[in-house]
Structure formats: structure tokens, C-alpha cells
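A.B. asks: Sequence and predicted structure, then a few things I'm wondering about:
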Amino acid sequence: MATLPRITVAMPTRERADVLEKALATVTAQDYDALEIVVSDNCSSDRTREVVAAARDPRIRYVNTGRRLSMTGNYEFALSHVQPGWVTILGDDDGLMPGALHKLAALAGQTSAQAIRSRVCKYSWPSATGAPWGRLTVPLDRGHEIREARPWLERVLAGSQGYAELPILYNGGFVTTDLVERMKGGTGVVYRSPIPDVYSAVAICSLVDRYAFSHDPLVISGTSKHSTGAAHFARDARAAAGSPAQLFHSEESIPFHAALPREPDGGYPMSVQALVYESYLQTAFLRGEPARARHAEQLAVVLAVGGKNHDLVEAWARRFALAHGLDFARGVAAASRIKRLRRVQRLPAQLRSALDHCDLGSPELPLRDVFEATIAAAAVRATIPGPVARLSRAAARLIDQRRAGRTA
């Protein structure tokens, strides 16, 4: 029998014992002996240490930063305690799907990839829904594919794909520790951007030729009242005193790239595409090239991709254009062309998504935390067939109906 690869699940956390308990339970529930769980406590003052101790799992290693670090600093600290093998970073309100690590080990053996990305289930905690129950979306597709890294990165830079389709050192992304060392590029640190998840995606694509993409979700990505990303893009939550977004911005330890202006409140742009471009500029050294400015192109893509805060994105784009002497009107015209192309390019994926997911969460099935959500998601995927099988069965039913009609 082949030896199972060592897999480390690093869980950076701070003051989130309420969600950490259930997120950690999804990891300790993994029936995988070659597992180490590194809980990196960013000097919490709540029950974090007690929650970890109560798990009573010898695979857990608790480490404490000893002083408050930025989010990126805590990620870096967590990775410094990882042993050779495979590693992922799991958010403290997220969860691993049952059997996820055995599936990862099998896929690593089949593909010899250094980076594996999986599709994710999405779960909103009750604290995010405002209801006594959470909401869960489960993708139903199966299988995996091998993707060429640089072309996929170019698709993301062109705005035809989101960065979540790239390999990543975060929820649903697993990489070898050899690749983590290569990400340092001789600098001694993994991260060169204050946005660690986006940066890792661009950095990995800058270093590997290909990666494996699993359509079977290995992770549930959770959104709770603690979620920094959700708060960053929600203007009310972002403006609230003491919000996760404000805390994140105030503790910056790595300078945001100077080519991209900040928001008037000192925060980062409310455009995901702008964050991707910032990481692209920061990772130029990994590609062995000078930081090639693609300002005019990215102005158009930022405007085309937009987002729910379109007015704020447009205002930022105007400041970006002014800072670099770009023709804003030309950027708007180019954005219109990109929008038309995106609609055509993304239609197959949108149709597939409409056929290939299941939504759960109600008073009858309350899904009160991410651990319950992983169990429900696994049950759904075990009982509902994939899209090809569903379409085949639908076709068979139609044929039977036609035949019955002709013989009646």
C-alpha cells in the first residue's frame, strides 16, 4: 500500500472561538492519519485556546503568535510551522468536506500536480443570513481536469474568469510545501501583498505549468459576521466602526502596490479585479520579468467586471486613470466590448451552474453551523447524480412518454 502524503491544514484565527469550534470539528473528523492541524492563534483573548484543547486530537498543534499580527502576518506565521508535504490554509469559519483529504491524496497521486484547486460549497452562517438558520449551496459536478496555469491566469486578467478558478493557498486550494518555498523567491517570505488569498493564486500560476482542478468540492467556504472579504465589499459593514474590514486595513504589514490608488477611507479598492492586478504586479519577480504595466488594459477590465458597488468602482477607476494619464473615455468604450464578450464566454458556465447545484437551508433543515453544513452537503452529493446522469434520465423519461403516447 502506498504511503499517504502528509497533509497540513493550517488554521489562522483570532477572536473567533464561536466559529472556530465547528470549523475545527470538520478537520478533526477527517479519517486521515497523515494529518497535522496547525491552529495559529493571533494572540486571541477569547476562548480560542480552550476550544482547541477541548478538541482533544493529537493531530492538532496549537501555536500562538505572542503579539498581534496582521492577517497576512498570521498566515505567514502559520506556514512557518508546517512540515514537508501538502498544505492548505482553512478559514476559521470554513470547513473540510467529509473524506476530503483522502480524495486530495488520490488526486495528487493520479496527476502529480504540485497545486490542486477544488470547487467549493458555499455556506452562510446564521450571523450572516440574519435568520436562525444558515444557507448552503452545493455544486453537483464530478471529476477533475488538468489546467494550464498561465493561460488561465491570462483569462482572469482579461476578466473572462474569476480568480477563484485559479490554484490558491486558501479554502479549496492545496499545494506542496516545495511550491510554498518557491513562492518565497529567495525573499524569505511567502507573501508580498496584503491580500494573501489573491496573491497566492497569482503567485502559484506564475510558478507552475499546470494544476489539477477538482469539480468535486473538498471544502465549504463559509461567510459569517467575522468574514473580512464580505465586510470589505459591503459598504455598510466596511464603514462600521471595528468591522473586520477596518481592522484588516488598519493592520497592514505589507505595502499595497503604489501603482494602485487607495480608497478615500484608506482601504483597498472595492474591485476584485484591481486586487488581482495588484498581485500580478507584486509577483513579477516570480515570473522573472520586470513589473510590466498593463494599466490601460486593466482599467477597461475593472470597469467591465464592476461589481455590486459599481459607483465606487467607477470612482476608483477614474482616480486610477488620472494617476497614470489614461484616457478614461477610451477605457469605458473598451469595457463595453469586454462586457459583450464576457456575456458570450460565460453563458455555458452559467447554464451549467443553473443545472448543477442544490440550495439548502430552512426552518425544517436549519444548518446552524459549518459542521452541519458539511454533513448535509456530503449527503446531497451522495444521493443526487451528476448532470450527465440527470440529463440522461430526463431524456429516457421523455422517450418513454413518447413511446407510451404512440402505443395508447
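C.D. replies: Sure thing, it's come through.

A.B. asks: can we go C-alpha only for contacts and neighbour counts from here?
C.D. replies: Noted.

A.B. asks: separation between the residue lying closest to Val51 once chain neighbours are set aside and Ile60?
C.D. replies: Ranked by C-alpha to C-alpha, 6 or more residues apart in numbering and with sequence neighbours excluded, the top spatial neighbour of Val51 is Glu21, at 5.9 Å. Glu21 is 13 Å from Ile60, where distance means C-alpha to C-alpha, to the nearest Å.

A.B. asks: Ok, Ser127 next?
C.D. replies: From Ser127 to Ile60 the distance is 27 Å (C-alpha to C-alpha).

A.B. asks: one step back: residues near the residue nearest to Val51, how many?
C.D. replies: Using other C-alpha atoms under 10 Å, Glu21 has 22 neighbouring residues.

A.B. asks: which stretch of helix or strand covers it?
C.D. replies: helix 17-28 (DSSP states H and E).

A.B. asks: what pLDDT, on average, does that helix get?
C.D. replies: When pLDDT is averaged over helix 17-28, the result is 97.

A.B. asks: the longest strand in this structure is where?
C.D. replies: Looking across the chain with DSSP state E, the single longest strand is strand 210-223.

A.B. asks: Show me what stretch 192-207 is in contact with.
C.D. replies: By C-alpha atoms under 8 Å, 6 or more residues apart in numbering, the surrounding residues in contact with stretch 192-207 are 72, 75, 115, 149-150, 153, 163, 166-170, 179, 182-183, 191, 252-257, 275-276, 278-280, 282-283, 286-287.

A.B. asks: are any of these buried, and which?
C.D. replies: 72, 75, 115, 149-150, 153, 163, 166-170, 179, 182-183, 191, 252-253, 256-257, 275-276, 278-280, 282-283, 286 (16 or more other C-alpha atoms under 10 Å).

A.B. asks: Can you list which of the residues you listed are found in helices?
C.D. replies: 72, 75, 149-150, 153, 179, 182-183, 275-276, 278-280, 282 (DSSP state H).

A.B. asks: Just the closest of those to Asp265, please.
C.D. replies: Taking C-alpha to C-alpha as the measure, Asp265 lies nearest Leu275 of those, at 16.6 Å.

A.B. asks: From His257, how far off is that closest one?
C.D. replies: For Leu275, the distance to His257 - C-alpha to C-alpha - is 10 Å.

A.B. asks: ok, now Trp152?
C.D. replies: For Trp152, the distance to His257 (C-alpha to C-alpha) stands at 23 Å.

A.B. asks: What of Ile375?
C.D. replies: With distances taken as C-alpha to C-alpha, Ile375 is found 41 Å from His257.

A.B. asks: same thing with Val198?
C.D. replies: Noted for Val198: a distance of 14 Å to His257, by C-alpha to C-alpha.

A.B. asks: on that earlier part again, Ser127 and Ile60: which is more packed in?
C.D. replies: Ile60 (21 against 16).

A.B. asks: Just give me the neighbour total for Asp18.
C.D. replies: 15.

A.B. asks: now do the one 10 residues further on
C.D. replies: Other residues lying near Thr28 total 20 when counted by other C-alpha under 10 Å.

A.B. asks: can you check Glu145 too?
C.D. replies: Counted with other C-alpha under 10 Å, the neighbours of Glu145 add up to 10.

A.B. asks: same question, Gly288
C.D. replies: When counting by other C-alpha under 10 Å, one arrives at 11 neighbours for Gly288.

A.B. asks: any chance of the ones in helices among the buried ones among the contacts of stretch 192-207 in TSV, plus pLDDT?
C.D. replies: TSV is the format used below for those (pLDDT from 0 to 100):
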residue	pLDDT
Thr72	94
Tyr75	97
Ala149	98
Arg150	97
Leu153	98
Leu179	98
Arg182	97
Met183	97
Leu275	96
Val276	97
Glu278	97
Ser279	97
Tyr280	97
Gln282	96
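
A.B. asks: Tabulate those residues (TSV), appending distance to Ala34.
C.D. replies: Below are these laid out as TSV (distance: C-alpha to C-alpha, whole Å):
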residue	distance to Ala34
Thr72	27
Tyr75	22
Ala149	28
Arg150	32
Leu153	32
Leu179	19
Arg182	23
Met183	24
Leu275	35
Val276	34
Glu278	36
Ser279	33
Tyr280	34
Gln282	34
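
A.B. asks: Nice, that's everything, thank you.
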